[in-house]
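J.: got a sequence here, can you model it:
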Amino acid sequence: MIRVLFVCLGNICRSPMAEAIFRDLVKKEGLSDKIEVDSAGLGHWHVGELPHEGTREILEEQCISYEGMKARQFHIRDFGDFDYLIAMDDQNISELQELKGNNGLIKVAKLMEFVDETKEDDVPDPFFTGKFDYTYELVSEGCHELLKYIRNENNL
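T.: Residues are numbered from 1 along each chain as shown. Here you go, the predicted model:
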C-alpha cells in the first residue's frame, strides 16, 4: 500500500482539501486498494475540527466527499507510516525537514513541485486569503500531477 500524507499548518483548509481531492482521484482511477490518503497539520490549534467551512463549500460544489475527515496534528511517527509527505508551502517544508533530520528515505515535497508550469510555488493559505476557489484550483492541479507521478514511480 502506498501512503500519501498532505501537510499544512492547521489541517482545516489546504491539506484536507488535498486529501479529499486526491482520495476522489484515487477512487475514480480504481486505485483505492493501492493508495491510501490522509492529511495533518503542523499546529495543534484545530485538532478534532471539521475542515474549514470554505473548504467544505468548495468540495461540496465539486461533489467531492470529505466524509469522516477531522483535523489532526502531524506526529513524528508519520515519517515511518507514509511514503510521501506533501506540503503546501515553504514553511511547511522547512518544519518537516527539521523534524525529518537525516532520514533521506522519506519523500518530502511541496505539492506545486509536481506541476510543470505553475502559477504559484506555494499553495496560499485561504484561512488568511479567503480565496478558497483559487486554492482549490491549485490543489486540484497539483493532485492530478502528483497522482501521475506516483503512478509512474510505482508502475500503477
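
J.: so M69 versus V47, what's the distance?
T.: 13 Å (CB to CB, to the nearest Å). C-beta here means a position set from N, CA and C on the backbone, and glycine is covered the same way.

J.: the two: who's more crowded?
T.: M69 (23 against 15; other CB atoms under 10 Å).

J.: would you quantify the distance from that one to G10?
T.: M69 is 13 Å from G10, by CB to CB.

J.: any weak-confidence spans in the chain?
T.: 102-106 (pLDDT under 70).

J.: could you redo the last one with a cut-off of 90?
T.: 80, 97-108, 117-119 (pLDDT under 90).

J.: the strands in it, which residues?
T.: Listed in chain order, the strands of the chain (DSSP state E) span 2-8, 35-41, 84-87, 107-110.

J.: quick one, which of those is packed in tightest?
T.: strand 84-87 (a mean of 26; mean count of other CB atoms under 10 Å).

J.: pull the residues that contact it.
T.: Identification of contacts with strand 84-87 by CB atoms under 8 Å, 6 or more residues apart in numbering yields 2-8, 18, 78-79, 93, 96, 106-111, 146, 150.
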